[in-house]
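> Kindly return the folded structure for what I paste below:
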Amino acid sequence: MKLNKNGVIMIRVKYNLISKNKKVSPVQMSITWDGNRIQKNIGHSVETQYWNFNKHRLKPNHPNALTFNSYLHDLESSIITLYNEKQSFNKSVSKNIIKKEVTAIINNGVNEENKNQNLIDVFDKFIESYRPNGKKPAKKTLDSYINTRNKIIRYKKDNKLNLSFDDIDVEFIENFIDYLRNEKSNNDNTIGTNITKIKTFMNWSYDKKYHNNTEYKKFKTLKSEALFSIALNQDEVKKLHLLKVEDNELEFARLFMLVNCHIGLRYSDLMDVIKNHTVNSNYLRIFQVKTRNTVSLYINDSVIQFIARLKELYQERYDRKNLNKNLKIIGQFCGMNAIETSTKIVGNDRFTIEKPRWQLLTTHVGRRTFATTAANNNMPLHSIKKYTGHKSLDSLEKYLNASNYDDKEVLENLFKLEY
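All right, here's what the predicted structure looks like:
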């Protein structure tokens, strides 16, 4: 500690209460040196009855006295050390310098202009400006962050809470998990996705100096066993092909599934083809949104006809929800009544669930059917990956059966149907 020639500390730090006559008062720091004085609210309040006005600290009978007084001591030591370092290099120590440095110490890494900003407002900024790897995420990814943001808003409203960055700790995430699981009936896979999104947001906002809370790094992502990952078999695809329906919505769903059983595109990519592409050759050139790759895919004549009919039938209201509903009706018409069994994990509880196959039909089933059947027909994994748009080979590894078959030969014989 630097002293002057009379043995007196050249900079002094004291803590006082701003509102001595109120039950709770903000704590103010008073800094004096060389005839200068700065007073700064440190951003914490205490109950007045527990404040020792002589020692400028919390009384020992306060439950958090030891922690809070240690914080005050460390803050004081940082300021004295800062002053001494500047003095040791014969630097002028002005009010502006001390004020700026004290603010930085109190904020502990948080930019002054970012301090006390509303958590949800910052989440909105995150959604607008988040650029992993320098690229704007796909709409589906951004929608998932919006979904997480909305769940936090509902959690706040339902529990009548005011959440700040400092509130996002282990206790918060445990209560949030219970809320999603018990009140919103979310499974652990869905909850785990939301935790991951929160961690990404907290990490981004930490890097942008909106807060200095690192509790989020302790959050553990929940995982649950996969539910009913089915693929259609050869007989089911044949029934789907032979089925005659007069309703346009149902016919759109049937053809959508058939096309994806043949080429395995993501829902968003196939919808883009239906809405925006002219398909008049056996090679379909598309931009896959999620992987941001442009690929050229071989398609057979039957798929060209299916896509042409899908274009004729398409209505704006035929979204994923509409398709998934109608695919279940199609599955019933095709007699897909075999029972599938799976396990659902909710917290520490394990449940066995049984459902008929028709009830499990979604747009993703066609994609999985393509990948599974193509692998069984010896199509190389890297070729399957080109169609499905998976980012890594690992995600398709269980379907791998290495072969040197040409894409065209495999796809022409993928389903032995009479078209």
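
> Could you give me the buried positions within the helix or strand harbouring Leu270?
Taking DSSP states H and E as the definition, Leu270 sits inside helix 267-276. Neighbour counts over helix 267-276 (16 or more other CB atoms under 10 Å) mark 267-274 as buried. The C-beta positions use only the backbone N, C-alpha and C, and glycine is treated the same way.

> Show me what secondary structure element comes after that helix.
Remark: after helix 267-276, the chain's next helix or strand is strand 283-288, criterion DSSP H and E.

> which residues in the stretch 51-200 of the chain form strands?
Here the stretch 51-200 of the chain has its strands, by DSSP state E, counting those that start in this stretch, at 51-52, 57-58.

> Quick one, which of those gets closest to Glu312.
Nearest of the strands of the stretch 51-200 of the chain to Glu312, taken as CB to CB: strand 57-58 at 76.0 Å.

> so for the closest one, what's the average pLDDT?
What strand 57-58 shows for mean pLDDT is 94.

> Stretch 390-402 too?
pLDDT averaged over stretch 390-402 gives 61.

> And for stretch 278-285?
91.

> Begin at 33, not 1, for the rest of this chat.
From this message on, residue numbering opens at 33, which makes the last subject stretch 310-317.

> buried set for that stretch?
Applying 16+ other CB under 10 Å to stretch 310-317 flags 311, 316 as buried.

> what sits up against that stretch?
With contacts defined as CB atoms under 8 Å, 6 or more residues apart in numbering, stretch 310-317 is touched by 295, 305, 309, 326-333, 336, 339-340, 440.

> Tell me the one of those nearest Gln60?
Thr326 (61.4 Å).

> thought that closest one was touching Gly421?
No: judged on CB atoms under 8 Å, Thr326 makes no contact with Gly421 at a distance of 11.2 Å.

> Would you tell me which one of the strands of the stretch 83-232 of the chain is buried the most?
strand 89-90 (a mean of 20; mean count of other CB atoms under 10 Å).

> In terms of secondary structure, what does that one contact?
If you count contacts as 3 or more CB pairs under 8 Å, 6 or more residues apart in numbering; DSSP states H and E, strand 89-90 packs onto strand 83-84, helix 97-120.

> Of the ones you listed, which shows the lowest average pLDDT?
When the helices and strands packed on strand 89-90 are ranked by mean pLDDT, helix 97-120 comes last with a mean of 86.

> what's that one packed up against?
strand 43-49, strand 56-65, strand 68-79, strand 89-90, helix 127-139.

> now the ones you listed as a markdown table including distance to Tyr248?
Below are the helices and strands packed on helix 97-120 laid out as a markdown table (distance: least, CB to CB, whole Å):
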| stretch | distance to Tyr248 |
| --- | --- |
| strand 43-49 | 30 |
| strand 56-65 | 27 |
| strand 68-79 | 20 |
| strand 89-90 | 28 |
| helix 127-139 | 18 |
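
> tell me the most buried of those?
Taking mean count of other CB under 10 Å, strand 89-90 is the most buried of these, at a mean of 20.

> wait, Ser196 sits on Asp153?
No: in this structure, Ser196 is not within contact of Asp153 by CB under 8 Å, at 11.6 Å.

> Domain boundaries for the chain, per the record?
The chain breaks down into these domains under automatic domain parsing: 43-140, 151-250, 266-444.
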